[in-house]
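> My questions are about this predicted structure, shown below with the sequence.
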Amino acid sequence: MSGGSGSGGPAAPMVLPVPDLAGPTTRLRPWRVTDAPALVAAWRDPVIGDRLIVPEPADEASAASWISQRERAWADGRSVDLAVTDPPSGTVIGEVGLSALDPVRRAALVGWWIAEDWRGQGRAGEAVRLVVDWALSEGPLEAVMAEIAADNPASVAVARRAGLRRVQAPRKPSREPDGPRPLVFARTRTEGC
Ligand SMILES: CC(C)(COP(=O)(O)OP(=O)(O)OC[C@H]1O[C@@H](n2cnc3c(N)ncnc32)[C@H](O)[C@@H]1OP(=O)(O)O)[C@@H](O)C(=O)NCCC(=O)NCCS
């Protein structure tokens, strides 16, 4: 899969610390099992369903199961998933996650969604920026990337708000080789923001 560390053995997984991230309009925290209804509502939103892979069935049992697996995935260095909340009310309004954590390249993919009622207020841009700034300053990551469909201009704007820039990336093997190619955005640790 991702090769060796250069010293003979496989690279150790990257286990990031649990952050305390907050900006003027968002606060981020690990998912809690009590967030399952908010997650189900998001999974059932057709805009999110069109853009992201959601479990089938998208019900509370699936949501509780997904949330309960997050802590283990984080501890194993497989992913980092943070609920985006509205600071005054504590309501869950979205998610920002790091996936495909690659300890050899010290890279990860960042993804996000914001619940319908909370869109268009700059919260996605703020939350993604908080996570990317943190991952590249406090964590062991050297690069954060995002893959965004060309017909998703709001997400392109969110990526740019988080300091990611469009890069050319080699085409990956795909189950749909003739399907539309995502735009790839990236920010590295040494790049300014
Ligand atoms: C993408 C998504 C997170 C944006 O949420 P949001 O709360 O509206 O985001 P923000 O308010 O922080 O910012 C939206 C930005 O997109 C811009 N925008 C919105 N619609 C746009 C459009 N049709 N064309 C161009 N720009 C657009 C806004 O002007 C804003 O830009 P700015 O930060 O430079 O002012 C939300 O639509 C969503 O959850 N979509 C479904 C899931 C998804 O697509 N996830 C990403 C997969 S890569």
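Everything's here; your move. Quick caveat: nothing in here was measured; it's all calculated off a predicted structure.
> ok, now which ones touch the spatially most central residue of the chain?
With the centre of the chain defined as its mean C-alpha position, the nearest residue by Cα atoms, centre = their mean is G97, 2.5 Å away. By Cβ atoms under 8 Å, 6 or more residues apart in numbering, G97 lies in contact with 79-82, 110-112. Using the backbone N, CA and C atoms, a C-beta is placed for each residue, glycine as well.
> before we move on, what about A127?
A127 makes contact with 23, 26, 28, 84, 94, 96, 112, 114 under the criterion Cβ under 8 Å, 6+ apart.
> Is it in a helix, a strand, or coil?
Classification of A127 by DSSP: H, G, I helix; E, B strand; the rest coil places it in helix.
> Now do it, the pLDDT please.
Confidence at A127, expressed as pLDDT, is 98.
> One more: E191?
For E191, the pLDDT comes out at 80.
> And G4, by the same measure?
The model reports G4 with a pLDDT of 43.
> and the gap between the residue nearest to the centre of the chain and Q168?
To Q168, G97 is 25 Å away according to Cβ to Cβ, to the nearest Å.
> Equivalent analysis for P153, please.
If you go by Cβ to Cβ, the gap between P153 and Q168 works out to 19 Å.
> got it, and V144?
17 Å.
> Who has more neighbours out of the two?
Comparing V144 with Q168 by other Cβ atoms under 10 Å, the one with more neighbours is V144, at 26 against 6.
> Point me to the helix or strand that includes that one.
Assigned by DSSP states H and E, V144 belongs to strand 143-148.
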